[in-house]
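Visitor: I'll drop the sequence and a predicted model, then ask my questions.
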Amino acid sequence: MKKSCLALGLFIIALLGFSIAGSAAQVIGTSGKCLDVQGGGAADGTPIILFSCQGSPNQQWHFSNGQLVGIGGKCLDVQGGGAADRTPVILFRCHGSPNQQWYSRNGQIVGIGGKCLDAQGGLTADRTPIILFQCHGGPNQQWSVR
């Protein structure tokens, strides 16, 4: 319990630091892999994947107005605005809709429909798709900021 509270507190402090300082950081998930915009592009609809952390611009995120903003000033977005399990998470121009709103709870990043960012199937390999899925607290739904 103490460990998860500490992790949540650090995550919230890091997110607050993003909005106050405007600095970007990496969002790190299972096996120390990073939330990554596939291929480093900034086109709308580009998939979000798990990838080895390199510190590159496509792995840099900052928190602003409830949104996670990445490369090209684009937002972490649930494709199509739905909340169904297994819906892909993509990069898309920021528009502030519910499918681009995120908050932290118990080390998880929670979005539309109360669903969590999830490394699909609990996999840890590079290029594992990031999806929206019912929150269950597994390691593939645990995220930290560095």
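Guide: Cool, got the structure. Numbers count the residues shown, from 1 in each chain.
Visitor: From residue 141, how far out is the closest residue to residue 142 other than its chain neighbours?
Guide: In this structure, residue 142 finds its nearest non-sequential neighbour in residue 107, 4.7 Å apart by CB to CB, 6 or more residues apart in numbering. Using the backbone N, CA and C atoms, a C-beta is placed for each residue, glycine as well. Plainly put, residue 107 is 8 Å away from residue 141 if you go by CB to CB, to the nearest Å.
Visitor: right, and the secondary structure at the residue lying closest to residue 65 once chain neighbours are set aside would be what?
Guide: Nearest in space to residue 65, with sequence neighbours left out and distances taken as CB to CB, 6+ apart, is residue 96 at 7.0 Å. What DSSP: H, G, I helix; E, B strand; the rest coil gives for residue 96 is coil.
Visitor: And for residue 96, the neighbour number?
Guide: By other CB atoms under 10 Å, 11 other residues sit near residue 96.
Visitor: One more: residue 122?
Guide: Residues near residue 122, counting by other CB under 10 Å, number 12.
Visitor: now it: how far from residue 136?
Guide: Applying CB to CB, the value for residue 122 to residue 136 is 10 Å.
Visitor: Please apply the same query to residue 31.
Guide: Between residue 31 and residue 136 the distance is 18 Å, computed by CB to CB.
Visitor: Quick one: find the helix or strand in this protein with the lowest mean pLDDT.
Guide: Within the chain, no helix or strand scores below helix 2-21, which has a mean of 42 by mean pLDDT, DSSP states H and E.
Visitor: Now tell me what touches the helix or strand just after that one from outside.
Guide: Using DSSP states H and E, the helix or strand that follows helix 2-21 in sequence is strand 27-28. Contact with strand 27-28 is made by 34-35, 53, 61, 68, 109, 143-146, as judged by CB atoms under 8 Å, 6 or more residues apart in numbering.
Visitor: average pLDDT for the strand or helix carrying residue 130?
Guide: Residue 130 belongs to strand 128-133 when assigned by DSSP H and E. Taken as a whole, strand 128-133 carries a mean pLDDT of 98.
Visitor: likewise stretch 39-53?
Guide: The average pLDDT for stretch 39-53 rounds to 97.
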